[in-house]
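In: Next come a sequence and a model predicted from it.
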Amino acid sequence: MKIEPLFEEMVDFETFSKSDFRAVKVKDCVAVPKSKKLLQFTLDDGTGTDRTILSGIHEYYEPEELIGKTCIAIVNLPPRKMMGIDSCGMLISAVHEEDGHEGLNLLMVDSRIPAGAKLY
């Protein structure tokens, strides 16, 4: 197994603390039409308004296996249009190389953690 090297450049605490990481519950997940990679997530982020995030992880997961899971997302990124859909955040994954192929695991946490819980 091969792991990417750690960044040598340090990030100061003030910069890090601007990132808003939250637990999110997957309410729905579908493959994005005309895309081989993208999944469209409808997420409960604890605000009472659904959040849409697109993620290029279809090679690793089928949409139906992710519904009901509790994941981690950074929610204060500016919206980014992908395949004509605004993606409002980023789901966090762990990436590594194994046997010459990239491996990816979506970060999922215990379902007892409520939607909107902040990570520190």
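Out: Yep, that arrived. Please read these numbers as outputs of a predicted model, since none were measured by experiment.
In: quick one, longest strand in this protein?
Out: When the chain is scanned for its longest strand (criterion: DSSP state E), the result is strand 21-31.
In: Which elements pack onto that strand?
Out: The contact analysis (3 or more Cβ pairs under 8 Å, 6 or more residues apart in numbering; DSSP states H and E) places strand 21-31 against strand 39-44, strand 70-74. Using the backbone N, CA and C atoms, a C-beta is placed for each residue, glycine as well.
In: Columns mean pLDDT on top of those, output as CSV?
Out: Below are the helices and strands packed on strand 21-31 laid out as CSV (pLDDT from 0 to 100):
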stretch, mean pLDDT
strand 39-44, 98
strand 70-74, 98
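In: mind putting those in TSV, distance to Phe7 and mean neighbour count included?
Out: What follows is the helices and strands packed on strand 21-31, written out as TSV (distance: least, Cβ to Cβ, whole Å; neighbours: other Cβ atoms under 10 Å):
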stretch	distance to Phe7	mean neighbour count
strand 39-44	27	21
strand 70-74	17	20
